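Undergrad: using only what follows, build the 3D model:
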Amino acid sequence: QVQLVESGGGLVQAGGSLRLSCAASGSIFSLNDMGWYRQAPGKQRELVAGITSGGNTNYSDSVKGRFTISRDNAKRTVYLQMTSLKPEDTAVYYCNADIGYRDGSGTYHYTPGYWGQGTQVTVSS
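TA: Residues are numbered from 1 along each chain as shown. Next comes the predicted model:
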């Protein structure tokens, strides 16, 4: 079974920093584009940052210059370093990845946009 497991969320004061991690596990054949999304209460889920398998990155305008996405392909992990946090960054942060994997019978599957369970980030003013 394939899983994306996020960690690193928590409560931090405005101006502080947090580092989120998302580790992929299971019979993974390929791990392509990965990204972080967030969803605040009453709002739609939005893209925060994305990174391709080759390391190209993109960011939403609201986090550009404050957040940095990176990945360690050997560890099948994507990171989100968040600095200068603001109360408006408060949200559940979700990891997302395009994953190729084999099931228990050996059948190959490709799932674009596989989601993790989310981790809460709360920034107090």
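Undergrad: give me the buried positions along stretch 114-125.
TA: By 16 or more other C-beta atoms under 10 Å, the buried positions in stretch 114-125 come out as Tyr114, Gly116, Gly118, Thr119, Val121, Val123. Backbone N, C-alpha and C define where each C-beta goes, glycine included.
Undergrad: using a markdown table, lay out the residues you listed together with secondary structure, distance to Cys22 and pLDDT.
TA: Shown next, in a markdown table, are the buried residues of stretch 114-125 (DSSP: H, G, I helix; E, B strand; the rest coil; distance: C-beta to C-beta, whole Å; pLDDT from 0 to 100):
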| residue | secondary structure | distance to Cys22 | pLDDT |
| --- | --- | --- | --- |
| Tyr114 | strand | 11 | 93 |
| Gly116 | coil | 6 | 95 |
| Gly118 | coil | 10 | 97 |
| Thr119 | strand | 9 | 97 |
| Val121 | strand | 13 | 98 |
| Val123 | strand | 19 | 98 |
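Undergrad: in CSV, list the residues you listed along with distance to Gly65.
TA: CSV is the format used below for the buried residues of stretch 114-125 (distance: C-beta to C-beta, whole Å):
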residue, distance to Gly65
Tyr114, 28
Gly116, 25
Gly118, 25
Thr119, 22
Val121, 18
Val123, 17
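Undergrad: Three-state assignment for Gln44, please.
TA: Classification of Gln44 by DSSP: H, G, I helix; E, B strand; the rest coil places it in coil.
Undergrad: fine by me, thanks again.
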